[in-house]
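> Below are the sequence and a predicted model; questions follow.
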Amino acid sequence: MARYLYLLFLLLFPFGVRAQFSDSVHHMINVSSSGTFNRTADGLTYLLNNGVKYSVRKKSFVMNSTTAWIYGNTPDKLTNNDFNTTLDFNLYATFPHFYYWGLVNFTSSFSLKIKEQLQSGLGVAYRLIDREQMMFSISDGFLYERSNIIQEDQSELSYHTFRNSLRLQYRLKYKELLTFNSAGFYQPSLNYGGDFIITANASLGIKVWKWLSFTTTFTYNNVSRTRRENILFTYGLVAERFF
């Protein structure tokens, strides 16, 4: 199995690829696979976290497309079958360190009791620290959300709402060897009191080869409508190519 994965990496990410965006490099593809396994006499417990990200970066425009799937199981029950896909962009059209953002996001989460959730919105952001090795930004905006969720009594509820979306984002990079990323979101409803979504994530990547990194990821989600939260900690490999 490991041999076939290695051959797949070689096909997707051949030798001689570049390691970052530049004036002549505008595209990036990132493939990640991580998880945890535990086999006992009672059976196999596992959690798999797989994702693909594609980015296009020009002087005044950045677009990202991200898809992730988390699947987890224990000998007794299914724990995770969570799918998320996002298309977002940043537009740098005014003064330095300030930009506009927009996104469309779809989520389906067994662990959070979300059957379907579609969000779209626009906002603004400002980078308080904006250097190659360190970045810290704050952003705010408004989202329209349409959801179908499973409530505590197992009944389904379909609703729509507008949310404020506040985000803090931080990145620290040491040469090409180590990268730390973190982000936190707070999204309260503007229509319903006590309705909010909290998301926080952090990842640490250590480069082991030109295009291959070992990464650990921590994610926390809290959805007040379903009274559900989850905490995910995974580790694995990330392959990245710039072209």
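Received, thanks. Residues are numbered from 1 along each chain as shown.
> Can you verify my assumption that residue 233 contacts residue 204?
No: using C-beta atoms under 8 Å, residue 233 and residue 204 do not qualify as a contacting pair, with a distance of 11.5 Å. C-betas here are computed from N, CA, C, even on glycine.
> Compare the two (neighbour count), which wins?
Counting neighbours by other C-beta atoms under 10 Å for residue 233 and for residue 204 shows that residue 204 has the greater number, 17 against 13.
> elements contacting the helix or strand encompassing that one?
Assessed by DSSP states H and E, residue 204 sits inside strand 196-207. Packing partners of strand 196-207 (3 or more C-beta pairs under 8 Å, 6 or more residues apart in numbering; DSSP states H and E): strand 178-188, strand 212-223.
> May I have that strand exported as CSV, CA atoms only?
Extracted in CSV, the C-alpha atoms of strand 196-207 (Å, rounded to 0.1, in the frame of the first residue of the first chain):
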residue,chain,number,x,y,z
PHE,A,196,-23.9,30.8,16.9
ILE,A,197,-21.1,28.8,15.3
ILE,A,198,-17.6,28.6,16.6
THR,A,199,-14.7,27.1,14.7
ALA,A,200,-11.0,27.0,15.6
ASN,A,201,-8.2,25.2,14.0
ALA,A,202,-4.4,25.1,14.1
SER,A,203,-1.9,23.1,12.1
LEU,A,204,1.9,22.6,12.3
GLY,A,205,3.8,21.4,9.2
ILE,A,206,7.4,20.2,9.1
LYS,A,207,8.9,19.8,5.7
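> and the angle from that strand to strand 212-223?
Strand 196-207 and strand 212-223 are oriented at 170 degrees to each other (axes from the mean of the first three to the mean of the last three C-alpha atoms, to 10 degrees).
> Can you pull the phi and psi angles for residue 93?
Dihedral angles of residue 93 (phi, psi; degrees, to the nearest 10) stand at phi -130, psi 10.
> So what's the model's average confidence on the strand holding residue 204?
In this model, strand 196-207 has an average pLDDT of 96.
> which residues are contacting it?
For strand 196-207, contacts defined as C-beta atoms under 8 Å, 6 or more residues apart in numbering pick out 163, 176-189, 213-224, 238.
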